[in-house]
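Q: just need the structure, nothing else, for what follows:
(chains A and B)
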Amino acid sequence: MKIDIDQDYHRRKKAAQRIAFVIFRSAAFINGIALFIILYFMVANGWQAISWEFLTRPPVDSMTRGGILPCIIGTFALSFGAIIAALPIGIASAIYLNEYATQGRAIRIIRLGVTSLAGVPSVVFGLFGLAFFVVILKMGVSIMAGALTLGVMSLPVIIGATEEALKAVPNTFREASLGLGATKWQTIWRIVLPAALPGILTGSILGLSRAAGETAPIMFTGAVFFTPKLPQSLFDEVMALPYHIYVLATAGTNIEETRHLQYGTALVLIALVLGMNVIAIFYRSRLRRRLTG
Amino acid sequence: MKKNATKITVEKLNFFYGKEQALFDISLEFKTNAITALIGPSGCGKSTFLRCLNRMNDLIPYTRVEGAVRLEDTDIYSSDLDVVILRRRVGMVFQKPNPFPKSTFDNVAYGLWVNGIRNKRFVAQRVEQSLQQAALWDEVKDRLDESALGLSGGQQQRLCLARALAVQPEVVLMDEPCSALDPIATQKIEELMVQLKENYTIIIVTHNMQQAARVSDETAFFYIGKLIEKGHTDALFTRPRLKQTEDYITGRFG
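A: Numbering: from 1, shown residues only, chains lettered A, B, ... in the order given. Just a heads-up that it's a prediction; the model follows:
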């Protein structure tokens, strides 16, 4: 029997498709709108606070005037410290899990650990950092303790992104390399890792951005509300941007008066994070172009 | 090297993917400095068999080998064999060209570097020699530092051949090397194979029977994991001993 083409049916299906695409596009737009609204709020309320003095001077008059230089330095120190601590361990773990480990019970347990680590609330990380790095390892409230705590928190993100990047490297490269008499490690070091670098970079930048903006993990471990001098060593305590916003907005002596400072600090923090993301994306696309000839 | 010497001996080889047996009691010999073609319908185990010869199947989990494979006097499945050295002696060209995302020069030099050969002048000489052997030198000599991914499919495959030859293997395994190439590129590779057999032992898996007839000295016919018949190419194609072989060659199945 002949199956006729049902024009009417197809017309209805096409209309339904158009509606679906409108809904999907709106959803995507909502993303952009949300970001835009946040940025608009920050800029509208905080731009008056931004000045050269704001960015390069410490706060004065118990935080009601002045700048946030120590916070900027502190946030940089903490987040870069976190990445330096977490990146090697994260990448090494991902390489082990993806390239060396034989599937079995031990691997499943390790993976369970990594996934669970991702679900630990940030304030719990803060307490862990306090108990372990600050007290037991006697680092005191310091850049080192804060950076290590943030580092541990970033591990799941870095491991996840690195593993994805490693999995995306075609197996045929590994086979070609091993077929020439290379060892597994030579193959990983010379072929697989370089090819996975763009993905690893993305993961690291994501981790870095998250670390830069976290308050709870650094509250007990590295950041303080006020310290008169800039950090001289890894064992000094620091001020940090997110913590600064938190305290000004909740416990400061002049919450309303310092409102513009809060927004200004938030603006600086957002600018920092966005800036890091943009640099990472730019570098990543350059690497991608080189790898795909 | 004696023309009739045996390079690789396979004795009662059985191969398993987990519980599935893929190769059944395969025994045959590969002569030195000859081209042996492995033919048979898709899925009959030729590629699996080829990959047993340089232990590439070790990379796949849950595989098991029974029987023996000897490269001259060495049992390649013995527990104290260094697989890395085996793969230096037995090279491989894959079905789909797979140059590294590096420059043409770096691709060919890679094998030398990972085997500890660093002398810049020697490496450069060897790279040029290998590219000449693969009939690619003239086409790439002015753009050795450009990405290999910019070459055409046929050029990439010749590059992979040059890359395999650079470390001077004794045997070159070729897994359907022309199946992703156009007829002209295929012809170039076939001409190369005939030139190369003077210095290398070549084993080629192909589903193209005309190619096997053109190029090889000996041919082995596989069917569903078993070796059905093996012999001199001319004899096998004109006077096959078994009916199954004749049916396959004349296209009655497969």
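Q: biggest helix in chain A, by residue count?
A: helix A:7-46 (DSSP state H).
Q: now the next helix or strand after it: buried residues?
A: Read in the C-terminal direction, the helix or strand following helix A:7-46 is helix A:52-56, with elements assigned using DSSP states H and E. Burial within helix A:52-56, assessed by neighbour count using 16 or more other CB atoms under 10 Å in any protein chain shown, is assigned to residue A:54. All C-beta spots, glycine's among them, are computed from the backbone N, C-alpha and C.
Q: ok so, going back, what mean pLDDT does the longest helix of chain A have?
A: Looking at helix A:7-46 alone, the average pLDDT works out to 93.
Q: helices and strands around it, which ones?
A: For helix A:7-46, the contact count by 3 or more CB pairs under 8 Å, 6 or more residues apart in numbering or on different chains; DSSP states H and E identifies helix A:259-291 as packing neighbours.
Q: please list the residues of chain B that sit near chain A.
A: Taking CB under 8 Å from any CB of the partner chain as the contact definition, chain B meets chain A at B:54, B:56, B:59, B:61, B:84-85, B:87-88, B:91-92, B:94, B:96, B:98-101, B:110-111, B:113-115, B:147-150, B:160, B:163-164, B:167.
Q: these in helices, which ones?
A: Residues of those located in helices (DSSP H): B:84, B:85, B:87, B:88, B:110, B:111, B:113, B:114, B:160, B:163, B:164.
Q: dump the residue contacts of the residue of the stretch 51-200 of chain A found nearest chain B.
A: Using CB to the nearest CB, the point where the stretch 51-200 of chain A gets nearest to chain B is residue A:181, with a distance of 3.3 Å. Under the criterion of CB atoms under 8 Å, 6 or more residues apart in numbering or on different chains, the neighbours of residue A:181 are B:84, B:85, B:87, B:88, B:111, B:114, B:115, B:167.
Q: among those residues, which ones are buried?
A: Members of the contacts of residue A:181 that pass the buried threshold by neighbour count (16+ other CB under 10 Å) are listed as B:84, B:87, B:88, B:111, B:114, B:115, B:167.
Q: residue A:222: which of the contacts of residue A:181 is nearest?
A: residue B:114 (43.6 Å; CB to CB).
Q: residues from chain A in reach of chain B?
A: Contact residues of chain A with respect to chain B, defined by CB under 8 Å from any CB, are listed as A:102-103, A:170, A:172-183, A:186, A:190-191, A:194-195, A:290-293.
Q: quick one, strands of chain B?
A: B:6-17, B:20-31, B:35-39, B:63-71, B:74-75, B:90-93, B:171-175, B:201-205, B:218-223, B:226-232 (DSSP state E).
Q: nearest residue to residue 55 in space, please, no chain neighbours.
A: Using chain A. residue A:67 (6.3 Å; CB to CB, 6 or more residues apart in numbering or on different chains).
Q: wait, chain B
A: residue B:83 (5.5 Å).
Q: could you report the distance from that neighbour to residue B:76?
A: Counting by CB to CB, to the nearest Å, the separation of residue B:83 from residue B:76 is 8 Å.
Q: which residues are in contact with each of those two?
A: residue B:55.
Q: can you select the buried ones from the residues of chain B next to chain A in PyMOL?
A: Selection of the buried residues among the residues of chain B next to chain A in PyMOL, burial being defined by 16+ other CB under 10 Å:
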select buried, chain B and resi 54+56+84+87+88+91+92+94+98+99+100+101+110+111+113+114+115+147+148+149+160+163+164+167
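Q: which one of residue B:83 and residue B:76 is surrounded by more residues?
A: Regarding residue B:83 and residue B:76, a neighbour count based on other CB atoms under 10 Å in any protein chain shown identifies residue B:76 as having more, with 20 against 16.
Q: state the distance from that one to residue B:54.
A: Look at residue B:76 and residue B:54: by CB to CB, they are 8 Å apart.
Q: before we move on, back to that, what is the nearest of the ones in helices among the residues of chain B next to chain A to residue A:25?
A: Ranking these by separation from residue A:25, with CB to CB as the measure, puts residue B:160 on top at 44.4 Å.
Q: for the closest residue to residue B:30 other than its chain neighbours, the count of nearby residues, please.
A: Spatial nearest neighbour of residue B:30, excluding adjacent residues (CB to CB, 6+ apart): residue B:8 at 4.2 Å. The burial count assigned to residue B:8 is 22, neighbours taken as other CB under 10 Å.
Q: do residue B:29 as well
A: Residues within reach of residue B:29, counting by other CB under 10 Å, total 15.
Q: just to check, it is in contact with residue B:10?
A: Yes. A contact is recorded between residue B:29 and residue B:10 when judged using CB atoms under 8 Å, the distance being 7.3 Å.
Q: need the overlap of contacts for those two.
A: With contacts taken as CB under 8 Å, 6+ apart, not a single residue reaches both residue B:29 and residue B:10.
Q: one step back: find residues that contact each of residue B:76 and residue B:54.
A: Counting by CB under 8 Å, 6+ apart, the residues touching both residue B:76 and residue B:54 are residue B:86.
Q: tell me how many other residues crowd residue A:270.
A: As a burial measure, the neighbour count of residue A:270 was computed by other CB under 10 Å and equals 18.
Q: and it, what does it touch?
A: Under the criterion of CB under 8 Å, 6+ apart, the contact partners of residue A:270 comprise A:38, A:39, A:42.
Q: which one of those sits closest to residue B:188?
A: Within those, distances to residue B:188 taken as CB to CB reach their minimum at residue A:39, with 58.8 Å.
Q: for residue A:283, see how far away the residue nearest to the closest one when sequence neighbours are not counted is.
A: The shortest distance from residue A:39 to any residue other than its chain neighbours is 7.0 Å, reached at residue A:270 (CB to CB, 6+ apart). Counting by CB to CB, the separation of residue A:270 from residue A:283 is 20 Å.
Q: and if you look at residue B:55?
A: Applying CB to CB, the value for residue B:55 to residue A:283 is 39 Å.
Q: neighbour-wise, which of these two wins?
A: Ranked by neighbour count (other CB under 10 Å), residue B:55 and residue A:283 place residue B:55 first, with 18 against 15.
Q: what's that one in contact with, if anything?
A: For residue B:55, the set of contacting residues under the criterion of CB under 8 Å, 6+ apart consists of B:76, B:77, B:83, B:86, B:87.
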